[in-house]
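Participant: compute the structure for the input listed below.
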Amino acid sequence: MNNTVGLAGFGTYFPQQIQTSAALAALTDIPEPVLREKMGIVQRHIAADEDTVTRMASEAARHALAMSGVSPSQVNLVISHGSEHKDHLVWNAASKIMHNIGANNAYAFEMYALCAGAPIALHTARALMLADSRLKYVMLAAGSRENDLINLRNERSRFMFNFGAGGGAMLLQRDATKNLILGASAYTDGSLSEAVVLTENAVAAGESAVIGEVLGRLDVTDPDYMAERLGDVSLPNFVRVIIEAVEQSGASLDDVAFLGITHMKRSFYLQILESIGLTPEQSVYLDHYGHIQSVDQVLTLQLGLAEGKIKPGDLVVLAGAGTGYTWSAVALRWG
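Facilitator: Residues are numbered from 1 along each chain as shown. Next comes the predicted model:
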């Protein structure tokens, strides 16, 4: 027994429809150069009706199984850490994903930390696997199409105009010998717990307030307080969880070779990299995808490997932040 947990495979899925920055500019009245250069939106994927959260998560999970060579029947647990804007409300999306991929020997549940969910899901699954020797393979899967819930004429929601659609999945293996999950950290500022909520006030004139089973659109309840508070705490909290995750791994910031992080405006992304001593060559910026909730982290891993920015032996940190407001990070030793 190695008493370790690592990534055996991963995968992503994106809808075919693409919305360019030019098309988004026409919908928002934000100049295209601002969207591309400042907000970091070159394009984003938009879900079709059939691209439900569970379908996108399931497609990504199938890719993760194919990469690993593991049979669906070998999966012992499926955890959905994707969007609550899902196929149905008050409903366990993980059981549908489990059924879709044929993991008939598993059990399934959801965990939800919004856009901070992926690092927390990796940490949670690792702990469960180390505590229960029956959990040989665990599938983490997420999907998001929360761009549905944004009124593009609502100035208060401007920081969410980067939302896109897609799915991501990671298959974890107990007693792994490669791609090991090491330390993790998370921190929540509860003073921002109701900073972003669904309201009918954010619905555009002439549009129905109801989308599927959801009432309202995502809105910022107190823009001035949220801007001031995040301006004070977001950077130090990102740095805090990244450092803590690395230290929990028995390493230091100097050892980090790659950061995969949630999509955000370009200037803040660069500021975070500088604050932890990394360069853009040691990360990827998701300007061709936008922000896809807790799918972002597996996407950065996939792109980092494809672009040759992650090599065997590298210490990789995946980080995110989600309204509520939680910051999270997890460290992995790749290869």
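Participant: ok, the residue nearest the centre of the chain - contacts?
Facilitator: Among the residues of the chain, S294 comes closest to the average C-alpha position under C-alpha atoms, centre = their mean, at 1.7 Å. Residues counted as contacts of S294 (C-beta atoms under 8 Å, 6 or more residues apart in numbering) are 81-82, 113-118, 121, 142, 144, 168, 320, 322. Just so you know, the C-beta spots here come from the backbone N, C-alpha and C atoms, and that holds for glycine as well.
Participant: you'd agree it is in a helix?
Facilitator: Yes - remark: S294 belongs to a helix, assigned using DSSP: H, G, I helix; E, B strand; the rest coil.
Participant: could you pull out the helices for the stretch 1-150 of the chain?
Facilitator: Across the stretch 1-150 of the chain, reading from the start of the chain, the helices by DSSP state H, counting those that start in this stretch fall at 21-28, 32-33, 53-68, 93-101, 117-131.
Participant: of these, which is nearest P236?
Facilitator: For P236, the closest of those is helix 117-131, at 17.5 Å, according to C-beta to C-beta.
Participant: in the closest one, what counts as buried?
Facilitator: G117, A118, P119, I120, A121, L122, H123, T124, A125, R126, L128, M129 (16 or more other C-beta atoms under 10 Å).
Participant: give me the contact list for it.
Facilitator: By C-beta under 8 Å, 6+ apart, the list of residues contacting helix 117-131 from outside reads 3, 5, 77, 79, 81-82, 111, 113, 135, 138, 140, 142, 168, 170, 172, 174, 181, 184, 186, 245, 293-298, 318-320, 322, 326, 328-330.
Participant: just the buried members of the residues you listed?
Facilitator: When burial is judged by neighbour count using 16+ other C-beta under 10 Å, the buried members of the contacts of helix 117-131 are 5, 77, 79, 81-82, 111, 113, 135, 138, 140, 142, 168, 170, 172, 174, 181, 184, 186, 245, 293-298, 318-320, 322, 326, 328-330.
Participant: quick check: strands, which of these are part of them?
Facilitator: Under the assignment DSSP state E, those contribute 5, 77, 79, 138, 140, 142, 168, 170, 172, 174, 181, 184, 186, 318-320, 322, 326, 328-330 to strands.
Participant: related to what we said a few turns ago, dump the helices of the stretch 1-150 of the chain into JSON lines; add mean pLDDT and distance to L218 as well.
Facilitator: Output for these, formatted as JSON lines (pLDDT from 0 to 100; distance: least, C-beta to C-beta, whole Å):
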{"stretch": "helix 21-28", "mean pLDDT": "98", "distance to L218": "15"}
{"stretch": "helix 32-33", "mean pLDDT": "98", "distance to L218": "23"}
{"stretch": "helix 53-68", "mean pLDDT": "98", "distance to L218": "16"}
{"stretch": "helix 93-101", "mean pLDDT": "98", "distance to L218": "19"}
{"stretch": "helix 117-131", "mean pLDDT": "98", "distance to L218": "16"}
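Participant: export the ones you listed to JSON lines and tack on distance to Y225?
Facilitator: JSON lines is the format used below for the helices of the stretch 1-150 of the chain (distance: least, C-beta to C-beta, whole Å):
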{"stretch": "helix 21-28", "distance to Y225": "24"}
{"stretch": "helix 32-33", "distance to Y225": "30"}
{"stretch": "helix 53-68", "distance to Y225": "30"}
{"stretch": "helix 93-101", "distance to Y225": "32"}
{"stretch": "helix 117-131", "distance to Y225": "24"}
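Participant: what lies in contact with the helix or strand harbouring Y269?
Facilitator: Following DSSP states H and E, one finds Y269 within helix 266-275. Outside helix 266-275, the residues that touch it by C-beta under 8 Å, 6+ apart are 37-40, 234-235, 238-239, 259, 261, 263, 279-280, 282-283, 285, 287.
Participant: mind checking the pLDDT average for it?
Facilitator: Along helix 266-275, the predicted confidence averages to a pLDDT of 98.
Participant: CA atoms only for it - export them in PDB, please.
Facilitator: Coordinates of the C-alpha atoms in helix 266-275 are reproduced here as PDB (Å, rounded to 0.1, in the frame of the first residue of the first chain):
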ATOM      1  CA  ARG A 266      -6.200  39.800 -17.100                       C
ATOM      2  CA  SER A 267      -4.600  42.400 -14.800                       C
ATOM      3  CA  PHE A 268      -5.600  40.500 -11.600                       C
ATOM      4  CA  TYR A 269      -4.400  37.200 -13.100                       C
ATOM      5  CA  LEU A 270      -1.000  38.800 -13.800                       C
ATOM      6  CA  GLN A 271      -0.900  40.300 -10.300                       C
ATOM      7  CA  ILE A 272      -1.500  36.900  -8.700                       C
ATOM      8  CA  LEU A 273       1.300  35.400 -10.700                       C
ATOM      9  CA  GLU A 274       3.700  38.100  -9.800                       C
ATOM     10  CA  SER A 275       2.800  37.900  -6.100                       C
END
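Participant: need the phi and psi values for the residue located most distally from the centre of the chain.
Facilitator: In the chain, counting by C-alpha atoms, centre = their mean, G206 sits farthest out from the average C-alpha position, at 32.1 Å. Geometry field for G206 lists phi and psi as phi 90, psi -10, criterion degrees, to the nearest 10.
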